[in-house]
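**Student:** Output the structure for:
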Amino acid sequence: MLECDAIAMHSDLTLDTAWQLERLQPFGHGNPEPLLYVAGLRSRTLRASSDGRTLLLNAMTDDGREIGAVGFRMGERVAELAREPRVDVIATLSANSWKGRERAQLILSDIRPSNCGV
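**Tutor:** Numbers count the residues shown, from 1 in each chain. All right, here's what the predicted structure looks like:
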């Protein structure tokens, strides 16, 4: 896995946290977007996009909230991770607005089967 900037608890994966992280902008050279390590997300659905390039994960936090995750250029990893009940990720947390609804979303940099208990 890649190096990360912080360890995030499942309770940190909220829209409020995403908005707080956005206050650190502008991101770029000299101020990279923070990478978070999140262990043991429960994988609910995992699939590749229609073109096979993007990994789409619908996960559940330990406190019962759903969170979506997108892994661009990770579509080939779906078969490897399909039977895993939990995954560890390194990702950025952002606010995603779609069809008038805003929610927290993880943008994956890396993903692996979790070593956390089931």
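
**Student:** which outside residues touch the longest helix anywhere in the chain?
**Tutor:** Scanning the chain for the helix with the most residues, using DSSP state H, yields helix 15-22. The contact list for helix 15-22 (C-beta atoms under 8 Å, 6 or more residues apart in numbering) reads 8, 33, 34, 92, 93, 94, 95, 102, 103, 104, 105. Just so you know, the C-beta spots here come from the backbone N, C-alpha and C atoms, and that holds for glycine as well.

**Student:** Which of these sits closest to residue 83?
**Tutor:** Nearest to residue 83 among the contacts of helix 15-22 is residue 105, at 24.0 Å by C-beta to C-beta.

**Student:** what bridges to the closest one?
**Tutor:** Beta-bridge pairing for residue 105 (DSSP bridges): residue 68, residue 94.

**Student:** State the distance from the residue most central in space within the chain to residue 17.
**Tutor:** Note on the chain: the residue nearest the mean C-alpha position is residue 106, at 3.1 Å, using C-alpha atoms, centre = their mean. Separation of residue 106 from residue 17 (C-beta to C-beta, to the nearest Å): 11 Å.

**Student:** and the next element down the chain from the longest helix of the chain?
**Tutor:** Counting by DSSP states H and E, the next helix or strand C-terminal to helix 15-22 is strand 36-48.

**Student:** After that following strand, which helix or strand is next? Please name it.
**Tutor:** Counting by DSSP H and E, what follows strand 36-48 is strand 55-60.

**Student:** Quick check: ChimeraX command selecting the buried ones in the contacts of helix 15-22.
**Tutor:** This is the ChimeraX syntax for the buried subset of the contacts of helix 15-22, where burial follows 16 or more other C-beta atoms under 10 Å:
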select :8,33,92,93,94,95,103,104,105
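
**Student:** now, which of the contacts of helix 15-22 sits nearest residue 112?
**Tutor:** Distance to residue 112 across the contacts of helix 15-22 (C-beta to C-beta) is lowest for residue 8, with 15.8 Å.
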